[in-house]
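Student: can't give you the sequence, but here's the structure:
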């Protein structure tokens, strides 16, 4: 009889403990939901029209541009003051995919600068570093026409050592040229193909950005990180990258990015005199040039 009473008591205690545990879990979940509900968010769409929502990071500096002052003038997007005076610079970015460029016509059309691809790292496991086939020709042509130039490198670095290697690859090749615009680290999602960076986590992508940009800054050049809205929202740690300038890609009519950025790539289907086919067009809010 005593044994049965003892077993019954134990069952009652166990049930009470389980109930208390569930209640605590419910309270924790409720507190978490409440905390999540207090977080500010923003919405955006990507180039495919997919809608996303992301947390607005409180510590990351916000952009203060008056978007009503972004207007198309003389064929290119411009940022103006209240009186309509142009405050921005118009630019293109080119690579071997634009094999024939009449740089004098590009300059005469109102383009101020060009960001030229130095090279890239291959997608495969070998990850070879390759110089862009048109790098030297584009650099020489743009500079001869009087354009300011910057450069970018398409990265597939899987660790900091490879990111540093990419920086040195770039620095060695730009040394003979007057590079006045930023040296850009370009890391992107590879669509429809396997890439050696597919397994990387946010921490590694971010560390690679820091390593490349710091090596470039140490060499005396302006530096910048290229990213679209989705990459900035979910792949890079913007808290860690707050001190680095951004080149932001977004093909919506106006920028959606709530954070600071220095340059906006607003289309990949631009038309510029002197270039056959499409070319990326950019609006730069800062005057990096000579």
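Tutor: Sure thing, it's come through. Bear in mind the structure is a predicted one, so any value in this text is a computation, not a measurement.
Student: what's residue 205 in contact with, if anything?
Tutor: 187, 197, 235, 236 (CB atoms under 8 Å, 6 or more residues apart in numbering). (C-beta placed from N, C-alpha, C; glycine too.)
Student: Isn't the third one up against residue 198?
Tutor: No - in this structure, residue 235 is not within contact of residue 198 by CB atoms under 8 Å, at 11.7 Å.
Student: Who has more neighbours out of these two?
Tutor: residue 235 (17 against 11; other CB atoms under 10 Å).
Student: and the more buried one, what is it in contact with?
Tutor: 189, 202, 205, 227.
Student: What is the nearest of those to residue 75?
Tutor: Distance to residue 75 across these (CB to CB) is lowest for residue 227, with 26.3 Å.
Student: Does residue 257 belong to a helix, a strand or coil?
Tutor: Here residue 257 is coil, with the state taken from DSSP: H, G, I helix; E, B strand; the rest coil.
Student: and it, how many residues sit next to it?
Tutor: The burial count for residue 257: 22, using other CB under 10 Å.
Student: Tell me the pLDDT of it.
Tutor: pLDDT, residue 257: 96.
Student: do the same with residue 30
Tutor: 46.
Student: Find the centremost residue of this protein, please.
Tutor: Centre of the chain computed as the mean C-alpha position; nearest residue by CA atoms, centre = their mean is residue 227, 1.4 Å away.
Student: Please look at it and residue 237 and confirm they touch.
Tutor: No - Residue 227 is beyond contact range of residue 237, at 11.7 Å (criterion: CB under 8 Å).
Student: Give me the neighbour count for the closest residue to residue 108 other than its chain neighbours.
Tutor: Distances taken as CB to CB, 6 or more residues apart in numbering put residue 273 closest to residue 108, at 7.2 Å, once the chain neighbours are dropped. Number of residues near residue 273 (other CB under 10 Å) recorded here: 14.
Student: Cool, thanks, talk later.
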